[in-house]
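K.L.:
what shape does this take:
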Amino acid sequence: MKKAILAIKVGMTQIWDENGILIPVTVLQAGPCVVTQVKTLENDGYKAVQVGFQDKRERLVNRPEKGQFDKAGVPCKRFVREFRFENSEEYKPKDEIKADIFAAGDKVDVTAVSKGKGFQSAIRKYGQHRGPMAHGSKFHRHQGSNGTSATPSRVLPGKGMPSHMGAVRVTTQNLSVVRVDAENGLILIKGAVPGPKKALVTVKEAVKA
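P.N.:
Have a look, this model is predicted:
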């Protein structure tokens, strides 16, 4: 991997390309990300670039975190992540990674925490069927047969049951970058990106492109 950046999801809109085709896009406010540390094979056992994104008030940062930011000579950051760049040795602390690291036509993988939907039934979560809706059935959206009877007399592992839905880490692969506004730090990606508005999104070059 040679290209990656942290971004905030702004929302969705639509644009027209040069052929007059309407394209739905997700707008991401990408970067600038500041390099806070460069991990090396000699010191850390692996190569990576640690970056910080979005400034954070100093009084909200604990002493170990503040010491790390002071050592790098950068302001305190809200989000800190590592990218295992193949060319990590080319980076040094205080370097900035901006939206122009990507270009229109690039294929990317985006990762974010999906929208939380609370406690949901098996009908909503797994698409199970409901019972008859007539008054006499007394079985409408209730959980149906859950397991076997006498043997083994228990619910088998893996059965879809009512439970919490959403709020999990989701990666959508092979999305296309439609447009990059380097001046305003915006990346427009074709289609939907996981997560609600203002969610932290990790954008990396696609592994299956």
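K.L.:
got the domain boundaries for the protein?
P.N.:
4-116+169-205, 117-166 (automatic domain parsing).
K.L.:
kindly reformat those domains as JSON lines containing mean pLDDT and mean neighbour count.
P.N.:
(C-beta placed from N, C-alpha, C; glycine too.) Output for the domains of the chain, formatted as JSON lines (pLDDT from 0 to 100; neighbours: other C-beta atoms under 10 Å):
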{"stretch": "domain 4-116+169-205", "mean pLDDT": "92", "mean neighbour count": "16"}
{"stretch": "domain 117-166", "mean pLDDT": "89", "mean neighbour count": "11"}
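K.L.:
so the closest residue to residue 198 other than its chain neighbours bridges to which residues?
P.N.:
Spatially, and ignoring its direct neighbours in sequence, residue 198 is nearest to residue 8 (6.0 Å; C-beta to C-beta, 6 or more residues apart in numbering). On the basis of DSSP bridges, residue 8 is bridged to residue 29, residue 200.
K.L.:
contacts only, for residue 8.
P.N.:
Each residue near residue 8 by C-beta atoms under 8 Å, 6 or more residues apart in numbering is listed here: 28, 29, 54, 198, 199, 200, 201.
K.L.:
residues contacting residue 194?
P.N.:
Neighbouring residues of residue 194 by C-beta under 8 Å, 6+ apart: 110, 111, 112, 113, 114, 170, 171, 172, 201.
K.L.:
of all the residues you listed, which comes closest to residue 47?
P.N.:
Of all the contacts of residue 194, residue 111 has the smallest distance to residue 47: 20.6 Å, by C-beta to C-beta.
K.L.:
about what we covered before: please report how far the residue nearest to residue 198 lies from residue 54.
P.N.:
8 Å (C-beta to C-beta, to the nearest Å).
K.L.:
most distant residue from the middle of the protein?
P.N.:
Largest separation from the mean C-alpha position in the chain: residue 136, at 46.6 Å (C-alpha atoms, centre = their mean).
K.L.:
looks to me like that residue is in a helix.
P.N.:
Yes. The assignment for residue 136 by DSSP: H, G, I helix; E, B strand; the rest coil puts it in a helix.
K.L.:
remind me which helix or strand residue 25 belongs to.
P.N.:
Assigned by DSSP states H and E, residue 25 belongs to strand 22-30.
K.L.:
actually, residue 171.
P.N.:
strand 169-181.
K.L.:
partner strands of whichever helix or strand comes after that strand, parallel or antiparallel?
P.N.:
Where DSSP H and E defines the elements, the next helix or strand beyond strand 169-181 is strand 186-190. Strand pairing for strand 186-190, using DSSP bridges, gives strand 22-30 (antiparallel), strand 169-181 (antiparallel).
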